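**Student:** what follows is a protein structure lacking sequence information:
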Ligand SMILES: [Zn+2]
Ligand SMILES: [Zn+2]
């Protein structure tokens, strides 16, 4: 536990992403199994112990420290885990040596609401300040030290010299302490058998098409729909629906899970049936309709009948056990088209190809779309294989005006007037390079508007729960939320660190499912300068 | 504004009333019969100064009574020695109105003193800032009985327990040894903290030259003149990046994140301060190596000192007075918090 505590401390005091990666990678190399697996799960918020809540810690402390003194200390520090780690009274007499990470995890898993009151103090007694901090953070499942799951995976790959894409592929479906993953990467055994598991496969993504054009002989155009990108997987008799970040959202859309009973991995846009967005089989409702269904753990019958979901298919990664990812797009499309009739009609349709004589004609069509809910066009190379992430030259997204960019929330400040109790002024940033190669986020602008009251409440709560630092009225967040910022124009500016100033930026959409490392880069924003 | 008793009951008032010759005012503690002030935050005729930190020692007084070390520090800072009246530790000074003052070591920085005031058989001690840990640069705090104990409370929260300085030195030297191509830049308060860190490094066996930011030089020389051995010191400005690899560099905390540090070879940013006990405080300053080193009493020292001095009443001047007040209440000790202005939060200390 001391090494894990030392790692946490080092991470807290390190701001560069590269240095963080190196610290985690070193730890993973030097720590035995299964400790390192548990530690990795803890760092990436993959652990949850039912018996330990923040209130458990507060209650334990109030039995040991005068409540007034506790509150004064807690207010000064601003973090319950840290305050408790500092104020925990040193035990009298002999104590056992510090527990290992796996011993700690075993004990935490065995605790219930009653035993936690006596068992957790015994663990705390065996640790020093840093160890107690690490234990409480681990036990309450809220590290909030700015380590995303993605960063953990990149560090893992770096640590053992394996590819991040492979790690992404195997990661899902393997539970902490990820023994199969370490067996493969660290001990040279065969990779985990993913054939018969309904696993998430990393999405293929698009670069924005900036000023360039493409030749329609090489590229095909397709609408970019305003829903949420999903992956529907059926394997080993089970169906799972995954969001872009790989979160399992099957329970939120049970009708989709029922609709696929043939082994397949399908890529598409999740939409709600309605009038607004065109398509082959009926239409789709606006994004707002879909939003009412997002984030629910259970769904009522009423919801299911009033806001029925369907998936507009873009691509097939695998059909009936055959991996299609290495095939060119055209062949995958053919396979998908002939597969479609075997899927239940109201739940699936196909995203239409947009036919155009040439690029100029395509631009006209793009300008002419009435639907609010069409985000723009996708341009896909006809011979592109399906590869994870964003590979230059294969897929482009060509968004409609206004200018839109995906940014990461960095800082927030309270508003004024009726918003004075909310964190409603947001500073957001873009990457100054490839986030997987150690790029950093650089602030590019501030937004105070564009969100609904519901979204404001969500953002305010997010800020409060994800604060990692305070500077007077400003809170720094753990950079875990992506939102799409709409703006009128962007100009070169000497006054800003990024060298760019956006005109009238506003929050266009919160992208809860978009991992932060997929937010846009400064270069993308710079390319939008029209000065 | 006079200090209101903050506490559970008003009978404390009668106690304080017996000591009407000593009055806490917002800009200092007034010794009424002598018309003298302790650590006043504005210019007065006669000031008694506990130590040389800027929030206690200001220039422009008619007469300044302080230890020779404190007067030398003030002369260095304000470039004037007018009205300086030195008083050595243990010496008794007679003030007008039948008041006697003596200066007792406070263990805070070079020259720092508690001031004991005696009048009409009543004894009052003003600690100024103090600590109880040994410090190679100044004599240790002496516990002295009194009726009213006017104490600081900079680190007056139970979470502040300063670890033994040897541990922090070991952390610093380990980091230095692990990075022979880099340097460790230690942010330290220019008066007291910097010299103590240097002296402790020497005590830990570190004999290499230590590099200084220009703003540190004069104070270090002054310490040496008063007999504090700091070993070989060099100025950053006189040396190249290459020469400074593998070295410790001491600079004022305000310079840690500014352009100045670009001339250093891959600096690892450290900071020597009691506030480093709290992670977010360290992060706010982009500190990579927090060193919990303070020249103030930590929580246990504050409470232990009140117990040892065992006064009839404690007055708490500056810092986090609520918690110390609460502790006094829980231990049935009379206490009140004074609202004073001009004492900074000692952000760097
Ligand atoms: Zn001081
Ligand atoms: Zn002070």
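**Tutor:** Arrived safely, thanks for sending. Owing to the predicted nature of the structure, the values given are computational and were not obtained by experimental measurement. Ligands and ions are numbered 1, 2, ... in the order given.
**Student:** excluding chain neighbours, give the residue nearest to residue 204 in space.
**Tutor:** You didn't say which chain, so I picked chain A. residue A:386 (5.1 Å; CB to CB, 6 or more residues apart in numbering or on different chains). From N, CA and C alone the C-beta is placed, and that goes for glycine too.
**Student:** please refer instead to chain B.
**Tutor:** Closest to residue B:204 by CB to CB, 6+ apart is residue B:169, at 4.5 Å.
**Student:** separation between the residue nearest to residue A:204 and residue A:232?
**Tutor:** Applying CB to CB, to the nearest Å, the value for residue A:386 to residue A:232 is 15 Å.
**Student:** check the residue of chain B positioned farthest from its centre and give its pLDDT.
**Tutor:** Within chain B, residue B:242 marks the point farthest from the mean C-alpha position, 35.4 Å out by CA atoms, centre = their mean. Model confidence at residue B:242, given as pLDDT, is 96.
**Student:** which ones are touching it?
**Tutor:** Applying CB atoms under 8 Å, 6 or more residues apart in numbering or on different chains to residue B:242 gives the contacts residue B:265.
**Student:** where's it relative to residue B:263, distance?
**Tutor:** 12 Å.
**Student:** sticking with the residue farthest from the centre of chain B, tell me its helix or strand.
**Tutor:** helix B:241-244 (DSSP states H and E).
**Student:** what's the first helix or strand after that helix?
**Tutor:** strand B:248-251.
**Student:** and that following strand, which residues are buried?
**Tutor:** B:248, B:249, B:250, B:251 (16 or more other CB atoms under 10 Å in any protein chain shown).
**Student:** and the second one, what is it in contact with?
**Tutor:** I take that to be residue B:249. B:183, B:184, B:185, B:186, B:210, B:211, B:212, B:213, B:236, B:264, B:267 are the contacts of residue B:249 under CB under 8 Å, 6+ apart.
**Student:** what's around residue A:115, how many residues?
**Tutor:** Residue A:115 is flanked by 12 other residues according to other CB atoms under 10 Å in any protein chain shown.
**Student:** now do residue B:50
**Tutor:** With other CB under 10 Å as criterion, residue B:50 counts 26.
**Student:** show me where the stretch 101-250 of chain B has its strands.
**Tutor:** Applying DSSP state E, counting those that start in this stretch to the stretch 101-250 of chain B gives strands spanning B:113-119, B:122-126, B:148-153, B:183-187, B:210-212, B:233-235, B:248-251.
**Student:** give the partner strands of the longest one in its sheet and their orientations.
**Tutor:** According to DSSP bridges, the neighbouring strands of strand B:113-119, each with its direction, are strand B:99-105 (antiparallel), strand B:122-126 (antiparallel).
**Student:** show me what from chain A comes close to ligand 1.
**Tutor:** Neighbours of ligand 1 within chain A, by CB under 5 Å from the ion: none found.
**Student:** of all the residues in chain A, which one is nearest chain B?
**Tutor:** Residue nearest to chain B within chain A: residue A:86 (4.1 Å; CB to the nearest CB).
**Student:** mind checking pLDDT for that residue?
**Tutor:** pLDDT, residue A:86: 96.
**Student:** in which helix or strand would I find it?
**Tutor:** helix A:80-87.
**Student:** in the helix or strand that that helix is followed by, which residues are buried?
**Tutor:** Next helix or strand after helix A:80-87 toward the C-terminus (DSSP H and E): helix A:101-110. Neighbour-count burial for helix A:101-110 flags A:101, A:102, A:103, A:104, A:105, A:107, A:108 (criterion: 16+ other CB under 10 Å).
**Student:** which among the residues you listed gets closest to residue B:87?
**Tutor:** residue A:104 (58.1 Å; CB to CB).
**Student:** could you measure from that closest one over to residue A:36?
**Tutor:** In terms of CB to CB, residue A:104 sits 13 Å off from residue A:36.
**Student:** just checking, next helix/strand downstream of whichever helix or strand residue A:396 is part of?
**Tutor:** Assigned by DSSP H and E, residue A:396 falls within strand A:395-399. Following strand A:395-399 in sequence order, the next helix or strand is strand A:403-414 (DSSP H and E).
**Student:** so does that following strand get close to chain B?
**Tutor:** No - on the criterion CB under 8 Å from any CB of the partner chain, strand A:403-414 is out of touch with chain B, staying 13.0 Å away.
**Student:** what is the orientation angle of that strand with strand A:395-399?
**Tutor:** 70 degrees (axes from the mean of the first three to the mean of the last three CA atoms, to 10 degrees).
**Student:** now do the next helix or strand after strand A:403-414, average pLDDT.
**Tutor:** Counting by DSSP H and E, the next helix or strand C-terminal to strand A:403-414 is strand A:423-431. For strand A:423-431, mean pLDDT rounds to 93.
**Student:** counting by contacts, list what strand A:423-431 packs against.
**Tutor:** Counting contacts by 3 or more CB pairs under 8 Å, 6 or more residues apart in numbering or on different chains; DSSP states H and E, strand A:423-431 is packed against strand A:403-414, strand A:441-447, helix A:453-465, helix A:522-526.
**Student:** okay, now the nearest residue to residue A:471 once chain neighbours are set aside: neighbour count?
**Tutor:** Excluding its sequence neighbours, the residue lying closest to residue A:471 (CB to CB, 6+ apart) is residue B:284, at 6.4 Å. If you count neighbours by other CB under 10 Å, residue B:284 ends up with 14.
**Student:** OK, contacts around residue B:284?
**Tutor:** A:469, A:470, A:471.
**Student:** just to confirm, which helix or strand has the second one in it?
**Tutor:** Under DSSP H and E, the secondary-structure element containing residue A:470 is strand A:467-471.
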